[in-house]
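**Q** I'll drop the sequence and a predicted model, then ask my questions.
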Amino acid sequence: MNPAETRVVLMGTPAFAVPSLRALLEARYQVVAAVTQPDRPSGRGGRLAPPEVKQAALEAGIPVFQFDTLKDDAARSEIEELSPDLFVVAAYGKILSRRVLAIPRRGCLNVHASLLPRWRGPSPIAAAILAGDAETGVSIMEMAPAMDAGPVVASATTPVLANDTTGSLSERLSVLGARLLVETLPGWYDRAISAAPQEDPLATYCPLLKKEDGHLRGEMTAAEAERAVRAYSPWPGAYVLYRGERLGIWKAHVDPRRLEDAAPAGAFAVCSGSPAIAFSNGLLVLDEVQRAGSRRQAGPDFLHGERGKLEPLATLA
């Protein structure tokens, strides 16, 4: 294959897809367009913010298409007019129909942030952290109409570090995926590399994250709560309700000690000068928190604002 003669449409939306776009450009592929989701309201003011892929594509002089849906004939016609040889999809955020997948001459490759068939679905990075997986990775997959079920062309692994958040792990996986994509693409395109079917019985699935998923619950173990803090950073953010208001938790660690007074699971406590939440198997010490409408602050500073005492009867729902 000749990259300069290979017409590629990149489909992606968040920052995860940007390294793949840039890697294709650096490898001299002819990226004829970027397809991304529409601008969305962001921040307290609700101003429309462009997806990261849109910003990166415009900076590179690449045309951008932002369709509300790919189900109508007009959107598909616009893509067909580009005469693409290949779609590269990375966290686009929409399921592609058979008719859309049939548009490019050579086919469609997806950069997926898990070691398929583990964690098919829209939130594989958070799922790996929540489950306590020791490692995860990226898979380059031929796309099929079923969610993340296509044959795998190549994969690469990386450990899940003890302090990894979804943000930090996503950044690492995005670079790993981009590198694997351009390494694999020529051989796959020329059919020197074949894809291997996934073992469907081994598949696990992860749902789309919702804002309320970040609410820590009293039935969690301390270890599960700590993983949730990391998995839900930066979005939707882990939180508890304290004095009737949302208290965001951005950093925390587990202290295996149990409270001497046998506080109920989910009760607020003080541990060595820091706020903590009691669980049946230990304490979740809150290292960095955020009151609604305020800046983040260290746990001891929050406790100081509470005059060294936390509301004694407050427990997690």
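**A** Here it is on my side, so go on.

**Q** packing partners for whichever helix in the chain runs longest?
**A** Secondary structure of the chain read by DSSP state H shows that its longest helix is helix 166-189. Secondary-structure packing of helix 166-189 (3 or more Cβ pairs under 8 Å, 6 or more residues apart in numbering; DSSP states H and E): helix 18-26, strand 86-90, strand 107-112, helix 124-131, strand 135-142, strand 152-159. No exception for glycine: its C-beta is placed from N, CA and C like everyone else's.

**Q** determine which of these approaches residue 305 most closely.
**A** Closest to residue 305 of those, according to Cβ to Cβ: helix 124-131, at 29.8 Å.

**Q** any stretches of this protein with poor pLDDT?
**A** Applying pLDDT under 70 to the chain flags residues 258-263, 265, 312-317.

**Q** how about the helices in it?
**A** For the chain, helices defined by DSSP H occupy the ranges 18-26, 52-59, 73-80, 98-101, 124-131, 166-189, 222-231, 299-305.

**Q** pull out the buried positions in the last one.
**A** Neighbour counts over helix 299-305 (16 or more other Cβ atoms under 10 Å) mark 299, 302, 303 as buried.

**Q** can you redo the helices and strands packed on helix 166-189 as a markdown table with distance to residue 253 and mean neighbour count?
**A** Putting the helices and strands packed on helix 166-189 into a markdown table (distance: least, Cβ to Cβ, whole Å; neighbours: other Cβ atoms under 10 Å) gives the following:
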| stretch | distance to residue 253 | mean neighbour count |
| --- | --- | --- |
| helix 18-26 | 31 | 21 |
| strand 86-90 | 33 | 25 |
| strand 107-112 | 31 | 24 |
| helix 124-131 | 15 | 24 |
| strand 135-142 | 22 | 22 |
| strand 152-159 | 19 | 17 |
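
**Q** what sits against residue 289?
**A** 247, 248, 249, 250, 275, 296, 297, 299, 302 (Cβ atoms under 8 Å, 6 or more residues apart in numbering).

**Q** can you rerun that using 7 Å?
**A** Contact partners of residue 289, counting by Cβ atoms under 7 Å, 6 or more residues apart in numbering, are 247, 248, 249, 250, 297, 299, 302.

**Q** next: residue 70.
**A** Listed by Cβ under 7 Å, 6+ apart, the contact partners of residue 70 are 76, 94, 96, 97, 100.

**Q** out of these, who's nearest residue 123?
**A** Nearest member of the contacts of residue 70 to residue 123, counting by Cβ to Cβ, is residue 94, at 14.9 Å.

**Q** ok, and the closest non-adjacent residue to the closest one?
**A** Nearest residue to residue 94, sequence neighbours excluded (Cβ to Cβ, 6 or more residues apart in numbering): residue 70, at 6.5 Å.
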